[in-house]
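Engineer: fold the stuff below for me.
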Amino acid sequence: MIYFDNSATSYPKPLSVYLKSIEAQLRYSFNSGRGGYREAIVAGEKIFDTRAKAASLFGAMSNDIIFTKSCTEAPNIAIKGGCRENSHILISSLEHNSVSRVVYELSERGVAEYDVFDYSYDTDELLSNIKSKIKENTNILICTHASNVFGNVLPVREIGAICRQEGITFIVDAAQSAGVIDIDIVRDNIDILCCAGHKGLMGNMGTGVLINNNSEITPLLQGGTGSNSFELKQPQDIPEGFEAGTLNNSGIISLGAGIDYITNTGIDNIYKHEMSLISYLYDELSSNEKTTLYTPKPQRYKSVPLISFNYDDYSSEKTASLLAENNVSVRAGFHCSPLAHKHFGTAERGTVRISLGAFNKIEQCTRFLEILDKI
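Structural biologist: This is a model prediction of the structure:
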């Protein structure tokens, strides 16, 4: 199989991730933080190890790390937990439904209002678009770091600087950039970072990370935390107050192995490899008269290794189906991001998305182009 759907989930994972997942099932399947016996304590220590690794990767403190079941859960916690009476929220025109549906639902219930600022390739224009939408009651701005449809990287450091100046909580959806592009929450002026554990971070499905850099948010879930058990009020402390219930030990511990792989290989080395392949594919596709490309040539730190295109007069789903018949895995349709498709004018047809990972090879790219040319 030629797997070009790493934006959905990375595959394959490093061997160390698979082995660590099995080891965790065999040796650390105990309820960490809930028992004083040795096995539960050791399981808790392994969970903390991953907290420390995630904190180091993103320039955070270990106690800033909250484990979630997905990147979708993370913005739900961040947005709903940060909403106050009469909140006004800003989102970009490239947002995934894990953001846009959250703010829409809040607006439907009268909890908050929201506006959408237009994305622009020009940073000054983008920042101007943001400033024009800020109101007196704007208290949250959330945007994707990189579009899951078109691969555009937003200038989060500059956006964060505006939020700092205006006293707005800045939340970044790093589903497509965590583990792909270097992120430092302090340097990049990020208040809350939401990450998928199973994509660029190379962990198992069912894992996500929320990093809270001193923002006041309330827990989304209530339940057992292993602390303050006699109190009916949910603890507000991070991380335990936000991790009600039994943790996904195997997923979290294997995520630590994924982060180890990134750290040992070098995030910039991985990114250079992925970008060299996606740039090659872009050049080849741009010379094919049957191909319609929707974004400029991928650029270092302005793009993630992703291309959206359509082929001939086929629907995006038809192209993906024909590729699947030739054992090529891509994504087609609207990618859970209707705002992005409306912004780039692909709302009727959708797009075919190819997204590369650390283990893709030039031979796969060449073979993909041969197959595409024959369908």
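Engineer: okay, CA-based contacts and neighbour counts for the rest of this
Structural biologist: Will do.
Engineer: can you give me the helices in the chain?
Structural biologist: Taking DSSP state H to define them, one finds helices in the chain at 15-27, 38-58, 73-82, 97-108, 123-133, 156-166, 249-265, 267-286, 316-325, 338-344, 362-374.
Engineer: of the ones you listed, which stretch is the most buried?
Structural biologist: Mean neighbour count (mean count of other CA atoms under 10 Å) peaks for helix 249-265 among these, with a mean of 23.
Engineer: report the rounded mean pLDDT for that helix.
Structural biologist: The average pLDDT within helix 249-265 is 97.
Engineer: got the CA positions of that helix in CSV?
Structural biologist: Presented in CSV, the C-alpha positions along helix 249-265 are these (Å, rounded to 0.1, in the frame of the first residue of the first chain):
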residue,chain,number,x,y,z
ASN,A,249,-2.3,4.2,29.8
SER,A,250,-1.3,2.2,26.7
GLY,A,251,-2.0,5.1,24.4
ILE,A,252,-0.3,7.7,26.5
ILE,A,253,2.8,5.6,27.2
SER,A,254,3.1,4.7,23.5
LEU,A,255,2.8,8.4,22.7
GLY,A,256,5.9,8.9,24.8
ALA,A,257,7.7,6.6,22.4
GLY,A,258,6.5,8.6,19.5
ILE,A,259,7.8,11.8,21.0
ASP,A,260,11.1,10.0,21.7
TYR,A,261,11.3,9.1,18.0
ILE,A,262,10.7,12.7,17.0
THR,A,263,13.3,14.0,19.5
ASN,A,264,15.9,11.5,18.5
THR,A,265,15.5,11.9,14.8
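Engineer: and that helix, what does it pack onto?
Structural biologist: Where contact means 3 or more CA pairs under 8 Å, 6 or more residues apart in numbering; DSSP states H and E, helix 249-265 is packed against helix 15-27, helix 38-58.
Engineer: low pLDDT regions in the protein?
Structural biologist: Low-confidence segments of the chain (pLDDT under 70): 225-230.
Engineer: could you dump the helices and strands packed on helix 249-265 into TSV and include distance to residue 146?
Structural biologist: Formatted as TSV, those follow (distance: least, CA to CA, whole Å):
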stretch	distance to residue 146
helix 15-27	25
helix 38-58	16
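Engineer: how about the ones you listed, which one is nearest residue 172?
Structural biologist: Of all these, it is helix 38-58 that lies closest to residue 172, at 12.5 Å by CA to CA.
Engineer: hmm, who's touching the closest one?
Structural biologist: 28-35, 60-65, 182-185, 249, 252-253, 255-256, 259-260, 263 (CA atoms under 8 Å, 6 or more residues apart in numbering).
Engineer: follow-up on the earlier one: looking at the helices of the chain, which is nearest to residue 197?
Structural biologist: Nearest to residue 197, of all the helices of the chain, is helix 249-265, at 6.5 Å by CA to CA.
Engineer: what's the angle from that closest one to helix 38-58?
Structural biologist: Angle, helix 249-265 to helix 38-58, by axes from the mean of the first three to the mean of the last three CA atoms, to 10 degrees: 40 degrees.
Engineer: and the contacts of helix 249-265?
Structural biologist: In contact with helix 249-265 (CA under 8 Å, 6+ apart) are residues 13-14, 16-18, 20-22, 24-25, 28-29, 43, 46-47, 49-50, 53-54, 57, 67, 179, 197-198, 201-207, 270.
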